[in-house]
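Peer 1: Would you be able to build a 3D model of this:
(chains A, B, C and D)
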There are 2 protein chains.
Amino acid sequence: MIIVTARSVPTTTDLIPIAREVRLAAQSLARHVKDHTPSLAPHLFTVLAWLEEGAATAGDLAARERVSAPTMSKSVSELEERGLVSRTVDPRDARQKIVTLTSSGRRALQQGRKDRDLYVAALLVDSTPDELADLLRGAQLIRKVVEQ
Amino acid sequence: MIIVTARSVPTTTDLIPIAREVRLAAQSLARHVKDHTPSLAPHLFTVLAWLEEGAATAGDLAARERVSAPTMSKSVSELEERGLVSRTVDPRDARQKIVTLTSSGRRALQQGRKDRDLYVAALLVDSTPDELADLLRGAQLIRKVVEQ
DNA sequence: TATTGTTATACTCTATAACTATA
DNA sequence: TATAGTTATAGAGTATAACAATA
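Peer 2: Below is the predicted model of the structure:
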């Protein structure tokens, strides 16, 4: 026999206080990271991150970033002008263009990651091991539930 | 006598892996919240949140939000057009204008908070009590270190 | 005809510079 | 003169509509 009480099945409404704390923490940290790492704009940085997993078409990138085709076209053009990606026509379908990370682009991506991670690491440097362990588990939970 | 070993004093560099996990979680959640709660734009929502603590001048609001005076002037104008704030000349210094939350503004703020919190709460609804406890402690730590 | 990507155009949020009113 | 706020103008990032090239 299974006994289900109100306490054992929290509803969405019950979780609002913790949701608020988590939301405010996430928004605050995301904003601070953005404000303190101006080297490569977020919308270009994330495109390079997608390309690290392999070359992609402009359409693929637009779908992954959930932006329109013209927006991605502009982003890729800017990345190409800065030498961070290259565009080549797909030999099997000449309408498509394959976007590839250049070695310079790979370096820019790694530097951008390093800048962002060091900024956050510096914030955490006085935390205790227990605090850091809780934080890591919390972050992993968030990534799990957000990314389905 | 105090013995300090390398393990007991983690450096900023040691914290990079956890910093990355936390950063990615925060950015991912912040982006999802923004994308799923379009009722009131973030830059207007945060102005209303400041005003909840009491009336303020446009200059105060610009400083708190770290935006320029013209940017805040535009935001306040839009909020006033939408009936969410009112502007009155400061009787003690006619150069300044006091911005005050209207009752409609207070309702919009509460609704905006509710939309955002419910979105996050829904993501967390299948988590265990232990996971939620870790998450809350992690979020509180982040708010502490970010907000000095 | 349908699809891929680009160009043309416009909207939003941001900034700096110039201006108005007041101290 | 200096300060608080607004208006004028411009740049970055986004969108939809129209277009070119290819399937």
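Peer 1: C-alpha from now on. contacts and neighbour counts both.
Peer 2: Fine.
Peer 1: Does whichever strand or helix holds A:L118 pack against any helices or strands, and if so which?
Peer 2: In this assignment (DSSP states H and E), A:L118 forms part of helix A:103-124. The contact analysis (3 or more C-alpha pairs under 8 Å, 6 or more residues apart in numbering or on different chains; DSSP states H and E) places helix A:103-124 against helix A:16-36, helix A:42-52, helix B:16-36, helix B:129-146.
Peer 1: Between these, which one is closest to DNA strand C.
Peer 2: Closest of the helices and strands packed on helix A:103-124 to DNA strand C is helix A:16-36, at 10.6 Å (criterion: C-alpha to the nearest atom of the strand).
Peer 1: which ones are touching the residue nearest the centre of chain A?
Peer 2: Centroid-nearest residue in chain A: A:T46, 6.2 Å away (criterion: C-alpha atoms, centre = their mean). Taking C-alpha atoms under 8 Å, 6 or more residues apart in numbering or on different chains, we find A:T46 in contact with A:E65.
Peer 1: In the helix holding A:L118, which residues are buried?
Peer 2: A:105-106, A:108-109, A:112-113, A:115-124 (16 or more other C-alpha atoms under 10 Å in any protein chain shown).
Peer 1: Report the contact partners of A:S104.
Peer 2: A:S104 neighbours (C-alpha under 8 Å, 6+ apart): A:83-84.
Peer 1: What is the burial count for the closest residue in space to A:S75 that isn't next to it in sequence?
Peer 2: With C-alpha to C-alpha, 6 or more residues apart in numbering or on different chains as the criterion, A:S75 has its nearest non-adjacent residue at 6.5 Å, and that residue is A:L44. Look at A:L44: counted by other C-alpha atoms under 10 Å in any protein chain shown, it has 16 neighbours.
Peer 1: Also A:T13?
Peer 2: Neighbour count for A:T13, taken as other C-alpha under 10 Å: 14.
Peer 1: now A:D134
Peer 2: A:D134 has 20 neighbouring residues, counting by other C-alpha under 10 Å.
Peer 1: ok, for it, nearest residue in space, not its chain neighbours?
Peer 2: Here the nearest residue to A:D134 in space, its sequence neighbours aside, is B:D134; by C-alpha to C-alpha, 6+ apart that works out to 4.9 Å.
Peer 1: quick one: contacts for that neighbour?
Peer 2: So B:D134 contacts A:134-135, A:137-138 (C-alpha under 8 Å, 6+ apart).
Peer 1: Near DNA strand D, which residues of chain A are found?
Peer 2: A:41, A:43, A:66-71, A:74-75, A:92-95 (C-alpha under 7 Å from any atom of the strand).
Peer 1: can you rerun that using 6 Å?
Peer 2: Proximity of chain A to DNA strand D, by C-alpha under 6 Å from any atom of the strand, involves residues A:41, A:43, A:67-68, A:70-71, A:93-95.
Peer 1: who touches A:L101 in this structure?
Peer 2: A:48, A:51-52, A:55, A:84-86.
Peer 1: And the residues you listed, which is closest to chain B?
Peer 2: Closest approach between these and chain B, by C-alpha to the nearest C-alpha: A:L48, at 15.2 Å.
Peer 1: Tell me the pLDDT of that closest one.
Peer 2: On pLDDT, A:L48 comes in at 98.
Peer 1: if I pick the closest residue to it other than its chain neighbours, what's in contact with it?
Peer 2: Residue nearest to A:L48 in three dimensions, not counting chain neighbours: A:L109, with 6.3 Å by C-alpha to C-alpha, 6+ apart. Neighbouring residues of A:L109 by C-alpha under 8 Å, 6+ apart: A:45, A:48-49.
Peer 1: Which of those residues has the largest number of neighbours?
Peer 2: For these, neighbours tallied by other C-alpha under 10 Å; top is A:L48, 25 neighbours.
Peer 1: circling back to that earlier point, tell me how far the helix holding A:L118 lies from the chain's centre.
Peer 2: 13 Å (C-alpha atoms, centre = their mean, to the nearest Å).
Peer 1: Report the inter-axis angle for that helix versus helix A:16-36.
Peer 2: Going by axes from the mean of the first three to the mean of the last three C-alpha atoms, to 10 degrees, helix A:103-124 is angled at 130 degrees with respect to helix A:16-36.
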